[in-house]
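Asker: here's my sequence, what's the structure:
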Amino acid sequence: MATQSNPAEYAYCIAESEDTPWPPLHVERGCDEGSSAVTMFACEGPHSADCIGTPAEMLYVLADTMASLGNNNVTSGGQTLVVINPRQAEEFAKAGWTKNSIRHHLWENGRRTVAELKGCGQHRSGMRQSFVTQGTNPFWFGVDLPTARIPVTNTPEDIHIVVAGGRTYFAAVCPGWGSFGGYAVTKQIHA
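Answerer: Residues are numbered from 1 along each chain as shown. Below you'll find the predicted structure:
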């Protein structure tokens, strides 16, 4: 049951582009190269990111979109999906960026400070502390230090990157359900 419905609940499906300089998501997640697979990931609806310019400028926009104070990941970790289009993927690849280097850059830069989280009220700022206490989030996030910058996922590997969509300037960030569940599962399709 959901308090507000969105297409991510059961009918939200995207196809990863084959027009990409990088391995597809299912290969990164252990499936055979050249195989077909399905990855299920419970997430919020896509947050559109007007993402044009140099790779550094695009990464700045994506990191900021990932760290929106209203999404589930900001206070409780979990996983997130970043969707970039084939034109953007080409720009990144030409500049030497791989999916993994993008993932690590976003993890290092898509963050909010403890002070910003506290500005959202006791409920949201207390959530990160309770997840640290429960062992869901790493203790080294520094949740008691106002200037500590908290990442939106616990590890860089919790940021999934796919290439999809038209050759335009739009990208998307699809935050997960935080540590409430909805972690990605990939299954190879056998004919």
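
Asker: please count neighbours and contacts with C-alpha atoms only from this point.
Answerer: Fine.

Asker: now the element after the lowest-mean-pLDDT helix or strand in the chain, going C-ward?
Answerer: Sorted by mean pLDDT, DSSP states H and E, the helices and strands of the chain end with helix 122-134, the least confident at a mean of 67. As assigned by DSSP states H and E, the chain's next helix or strand after helix 122-134 is strand 149-151.

Asker: so how far is that following strand from its chain's centroid?
Answerer: Put simply, strand 149-151 sits 14 Å off its chain's centre (C-alpha atoms, centre = their mean, to the nearest Å).

Asker: that one pairs with which strands?
Answerer: Partner strands for strand 149-151, per DSSP bridges, with pairing direction: strand 111-113 (antiparallel).

Asker: can you pull the contacts of the residue nearest to the spatial centre of the chain?
Answerer: Most central in the chain under C-alpha atoms, centre = their mean is Thr80, positioned 2.6 Å from the mean C-alpha point. Residues in contact with Thr80 (C-alpha atoms under 8 Å, 6 or more residues apart in numbering) are Cys43, Asn73, Thr153, Asp158, Ile159, His160, Val173, Cys174, Pro175, Gly176.

Asker: by neighbours, which of these wins?
Answerer: Compared across these, Pro175 has the highest neighbour count, 30 neighbours, by other C-alpha atoms under 10 Å.

Asker: just the pLDDT for that residue.
Answerer: As predicted, Pro175 sits at a pLDDT of 92.
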